[in-house]
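In: need coordinates for the following:
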Amino acid sequence: MYPIAIPYSVPPRLRLDCAATAMKESAMSRTVPPRMKAALCDAPGAPLEIREIDTPEPARGELLVELESCGVCHSDLHLRDGQENLPADLYPIVVGHEGIGRVVRIGEGTTGAPLIGTRVGLPWLYDTCLACKPCRTGWETYCADQTARGVERHGAFAEYALLPASFAIEIPDAIDPVQGAPLLCAGLTAWAALARARLEPGCNVVIIGAGGLGQYGIMIAKARGARVIAVDRDPAKLETARGLGAAVAIPADEHAGAAIRQAGGADVVINFAPSPSAWPMIGEAVNKMADIVTVAMVHEPVPLSMMWLIDGGHRVFGSSVGTRQDTIDFLRFAAMNPLPIDIEAIPFRDADAALDRLKRGEVAGRLCIDFSL
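Out: Below is the predicted model of the structure:
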């Protein structure tokens, strides 16, 4: 007699466990190549070179993101050209801090992370200590132990990049990755500066510098009900400012302060011009109790009169990029209020040439790497 073959049946509970394990593994990772292309700066003043390096592996609490786009910022130019006086041991570095991409791998043991395939942003602020007073009170951009993407940590001029799960912010579906990438630094910086100022509907907001950041500032201020006065040396940028909603456009010359006063004076000033020469104009232009927010990185000192502060009741302060909550608020705003900046998509291979174009002043709007090109 031949033995009777009894088909093996997997217990229902074991089948469920196997299915759950397969789903978990699928949710934690996608196929990722062991090597990737990245634009490396080997030393201060060295050009960016696109080379193959190991694809980073996310540790606990980290995500691996496949880049779709990354904006090109003046800060990237400063870092490449060695103008930030970074320690030599930080090189070689991968710059780039306006990245958008999709999560493709989640570090083992990570909790509270977005799902595989979620589109997220990779901004300047990489992470902070999360424990100091600035971090606990919503001012994490002033954390003494913060690290920046493209400085202490490799940035987003690469096919893949790491992102701490606690700093992962989802990009709304209404925002295109190429059009939206500059929002993560240029747009966010303008948004945060205006959010910290006493901006009320109908007040006069003076935007000094009508380049990429200034253009975002013009549109955000106008959308919040302000009357915008744009100031720049470039007639073409002033014309662009008018097209974006500036009520008044004034050349940045020795008469600018008086011209601003004639146009109603400044209740809020946002300075995006990286020059100390803007300060005398500001002093002449402001109304009583004005807010002056400095954003541009100006290392030279400017003359500041204590009596001018006392008599005018002015507030003078700086603003640095934006917090996670600033980013969430701004992206929601941008999803509902399109900000039509002129953005030129470029292929990844042209990353270094793009920085050269910025250096020569040949970019009217923003440049953005499109990794699909």
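In: okay, now the domains of this protein?
Out: Using automatic domain parsing, the domains assigned to the chain come out as 35-185+323-370, 189-318.
In: got a markdown table for those, with mean neighbour count and mean pLDDT too?
Out: In this view, the C-beta of every residue, glycine as well, is placed from N, C-alpha and C. Below are the domains of the chain laid out as a markdown table (neighbours: other CB atoms under 10 Å; pLDDT from 0 to 100):
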| stretch | mean neighbour count | mean pLDDT |
| --- | --- | --- |
| domain 35-185+323-370 | 19 | 93 |
| domain 189-318 | 19 | 94 |
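In: any idea how far the helix or strand hosting residue 310 is from the chain center?
Out: Assigned by DSSP states H and E, residue 310 belongs to helix 306-312. Distance of helix 306-312 from the chain centroid (CA atoms, centre = their mean, to the nearest Å) equals 34 Å.
In: list the helices and strands that helix packs on?
Out: Contact partners of helix 306-312 among helices and strands, from 3 or more CB pairs under 8 Å, 6 or more residues apart in numbering; DSSP states H and E: strand 286-294.
In: which other helices and strands does the strand it packs on contact?
Out: Using 3+ CB pairs under 8 Å, 6+ apart: strand 286-294 touches helix 186-196, strand 266-271, helix 306-312, strand 315-318.
In: ok so residue 350 is a strand residue?
Out: No. Assignment of residue 350 by DSSP: H, G, I helix; E, B strand; the rest coil gives helix, placing it outside any strand.
In: longest strand of the protein?
Out: Assignment by DSSP state E gives strand 62-72 as the longest strand of the chain.
In: then that strand to PDB, C-alphas only?
Out: This file holds the C-alpha atoms of strand 62-72, laid out as PDB (Å, rounded to 0.1, in the frame of the first residue of the first chain):
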ATOM      1  CA  GLU A  62      17.200  57.800   9.900                       C
ATOM      2  CA  LEU A  63      15.600  57.700   6.400                       C
ATOM      3  CA  LEU A  64      17.200  57.200   3.000                       C
ATOM      4  CA  VAL A  65      15.700  59.500   0.400                       C
ATOM      5  CA  GLU A  66      16.000  59.200  -3.400                       C
ATOM      6  CA  LEU A  67      16.300  62.800  -4.700                       C
ATOM      7  CA  GLU A  68      14.000  64.100  -7.400                       C
ATOM      8  CA  SER A  69      15.200  67.700  -7.300                       C
ATOM      9  CA  CYS A  70      17.500  70.100  -5.400                       C
ATOM     10  CA  GLY A  71      17.600  73.900  -5.600                       C
ATOM     11  CA  VAL A  72      20.800  75.700  -6.100                       C
END
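In: relative to helix 186-196, how tilted is that strand?
Out: 90 degrees (axes from the mean of the first three to the mean of the last three CA atoms, to 10 degrees).
In: C-terminal to strand 62-72, what's the next element?
Out: Downstream of strand 62-72, the next assigned helix or strand under DSSP H and E is helix 74-80.
In: same for that following helix, what does it pack against?
Out: For helix 74-80, the elements it packs on are helix 351-359, judged by 3+ CB pairs under 8 Å, 6+ apart.
In: if we go to 10 Å?
Out: Counting contacts by 3 or more CB pairs under 10 Å, 6 or more residues apart in numbering; DSSP states H and E, helix 74-80 is packed against strand 35-41, helix 186-196, helix 351-359.
In: any idea how far stretch 63-83 is from the chain center?
Out: With CA atoms, centre = their mean, you get 10 Å for stretch 63-83.
In: I meant stretch 259-272, not that one.
Out: 26 Å.
In: span of that stretch from start to end?
Out: Terminal residues of stretch 259-272 lie 19 Å apart, using CA to CA, to the nearest Å.
In: quick revisit: and the helices and strands packed on helix 74-80 as JSON lines, adding distance to residue 55?
Out: Below are the helices and strands packed on helix 74-80 laid out as JSON lines (distance: least, CB to CB, whole Å):
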{"stretch": "strand 35-41", "distance to residue 55": "4"}
{"stretch": "helix 186-196", "distance to residue 55": "28"}
{"stretch": "helix 351-359", "distance to residue 55": "18"}
